[in-house]
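Novice: I'd like to go over a predicted model; first the sequence, then the structure.
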Amino acid sequence: MLLRVDSLTVRYRTPDRNGDVRALTDASVSVEHGETYGLLGESGSGKTTLARALVGLLDDAGEVRGGHAWFDAVPPAWTDADGTPRADVVSDDTPVRADGTTDLLALPDAHLRDLRWAEIALVPQRAMGALDPAYTVGAQIREAVRRHHPDADAGRRARDALTRLGLRAARAEDHPHVLSGGERQRVVLAMALACDPALLVVDEPTTGLDAVARDRLLDDLASLDAAVLLVSHDLAALAETADRLAVLHDGRVVETGPTEAVLGDPASDHTAALRDAWRAGGGAWD
Ligand SMILES: Nc1ncnc2c1ncn2[C@@H]1O[C@H](COP(=O)(O)OP(=O)(O)OP(=O)(O)O)[C@@H](O)[C@H]1O
């Protein structure tokens, strides 16, 4: 198991409204090494909250009120030379277990920063807007690699990641504004990929892409060696790419299972309604 989220509960403080927003309640999902795991839900169901809570990047108003997110990695400062967790940090008081997993939700910020990108990378919504217009895309990818893997050959990793995502290596010399929206989205994914994380959390990657760019991006995501937690309201995208699915509704996981089983024979009325709407629009498996 690469990631096991147990009973994650998140609230947003809203001083100007009556009571907090219950964004996630007891949400549990688990992701295996190498698989593509889809998180499906309508707008406002809590998908982005789950994605951001994992990497410690909730909005200031967001608060984790309970749960664990056991992840198969230990911050480098807490490991011995052979990569196993140091005996003195494995205890009931620390978020590290002897089996080499760490509770991301209980990890001090500095240690979480050491795992971010290097082990778990979030590609946020509208990520393409996050590129700095002043630098070439290659420079930005190389900088990300150097920050997280100082000993790696950043140039080679940048070129490999770009070509892996169907962009010519020469595009590394381009500034973001000369790339299309789909190309920019793939550059941001390449940046994450170049850091070689075990898990990529990708939030609504197809928003704003045309059909060709969208299909291409989904193919790329499905073929990565890294595990992908693919967050989307786009059932068609998840039906095409996800090995397994969790369906979120009003901050609760209403259903999980292999994609074909969940969509073929939904256990919850909510999933059935999403599936029927998708079929009515012509959706089907290959
Ligand atoms: N900073 C915030 N303050 C207050 N409420 C928030 C905040 N961020 C999100 N929420 C609320 O938390 C709930 C879950 O939001 P979230 O963004 O996780 O949903 P989502 O499924 O990702 O939606 P979308 O697909 O529209 O991005 C929603 O009711 C939303 O209004």
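Specialist: In hand now; what should we look at? Numbering: from 1, shown residues only.
Novice: for the residue of the stretch 101-250 of the chain found nearest the ligand, what are phi and psi?
Specialist: Residue of the stretch 101-250 of the chain nearest the ligand, by CB to the nearest ligand atom: H233 (5.2 Å). Bear in mind the C-beta positions are built from the backbone N, C-alpha and C, glycine included. Listed backbone geometry of H233 is phi -100, psi 0, with angles given as degrees, to the nearest 10.
Novice: test my guess that it contacts S43.
Specialist: Yes - shown here, H233 and S43 form a contact pair, counting by CB atoms under 8 Å, at 6.0 Å.
Novice: can you count the residues close to V212?
Specialist: When counting by other CB atoms under 10 Å, one arrives at 9 neighbours for V212.
Novice: got a list of what it touches?
Specialist: Residues in contact with V212, defined by CB atoms under 8 Å, 6 or more residues apart in numbering, are G182.
Novice: tell me, how many residues neighbour L245?
Specialist: The number of residues near L245, taken as other CB under 10 Å, comes to 25.
Novice: who's it bridged to?
Specialist: On DSSP bridges, the residues paired with L245 through beta bridges are G38, G257.
Novice: so what pLDDT did it get?
Specialist: In this prediction, L245 carries a pLDDT score of 97.
Novice: swap in A284?
Specialist: At A284, the pLDDT value in this model is 67.
Novice: do L221 as well
Specialist: The per-residue pLDDT of L221 was computed as 89.
Novice: which parts of the stretch 151-286 of the chain are strands?
Specialist: With DSSP state E, counting those that start in this stretch, the ranges of strands along the stretch 151-286 of the chain come out as 199-203, 227-232, 244-249, 252-258.
Novice: OK, contacts around the residue nearest to the spatial centre of the chain?
Specialist: Taking CA atoms, centre = their mean as the criterion, V201 is the residue nearest the geometric centre of the chain, at 0.7 Å. In this structure, V201 makes contact with A51, L54, V55, I120, A121, L122, V123, V228, L229, V231, judged by CB under 8 Å, 6+ apart.
Novice: wasn't the fifth one part of a strand?
Specialist: Yes - counting by DSSP: H, G, I helix; E, B strand; the rest coil, A121 is part of a strand.
Novice: quick one: neighbours of it, just the number.
Specialist: The number of residues packed near A121 is 26, by other CB under 10 Å.
Novice: my guess is it contacts A194. True?
Specialist: No - between A121 and A194 no contact is recorded; they are 9.8 Å apart, counting by CB under 8 Å.
Novice: returning to that earlier point: beta-bridge partners for the residue nearest to the centre of the chain, please?
Specialist: Beta-bridge partners of V201, as defined by DSSP bridges: L122, L229.
Novice: quick revisit: any chance of the strands of the stretch 151-286 of the chain in TSV, plus distance to P150?
Specialist: Compiled in TSV, the strands of the stretch 151-286 of the chain are given as follows (distance: least, CB to CB, whole Å):
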stretch	distance to P150
strand 199-203	21
strand 227-232	25
strand 244-249	35
strand 252-258	38
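Novice: wait, which of those strands is closest to A81?
Specialist: Minimum separation from A81 across the strands of the stretch 151-286 of the chain (CB to CB) falls at strand 199-203, 24.3 Å.
Novice: quick one on the thing from earlier: give me the more crowded residue out of H233 and S43.
Specialist: Of the pair H233 and S43, H233 is the one with more neighbours under other CB under 10 Å, namely 18 against 8.
Novice: which residues sit in contact with the more buried one?
Specialist: For H233, the contacting residues are L40, G41, E42, S43, S45, K47, E204, by CB under 8 Å, 6+ apart.
Novice: ranking the residues you listed by neighbours, who comes first?
Specialist: Using other CB under 10 Å as the neighbour test, the contacts of H233 are led by L40, with 28 neighbours.
Novice: what about that residue, which helix or strand?
Specialist: L40 is part of strand 36-41 when elements are defined by DSSP states H and E.
Novice: give me the contacts around the next helix or strand after that strand.
Specialist: The helix or strand immediately downstream of strand 36-41 is helix 47-54, counting by DSSP H and E. Applying CB under 8 Å, 6+ apart, the contact partners of helix 47-54 are 3, 5, 8, 10, 23-24, 27, 29, 39, 41, 58-59, 62, 64, 69, 71, 104-105, 120, 122, 124-125, 201, 203-204, 229, 231-233, 248, 251.
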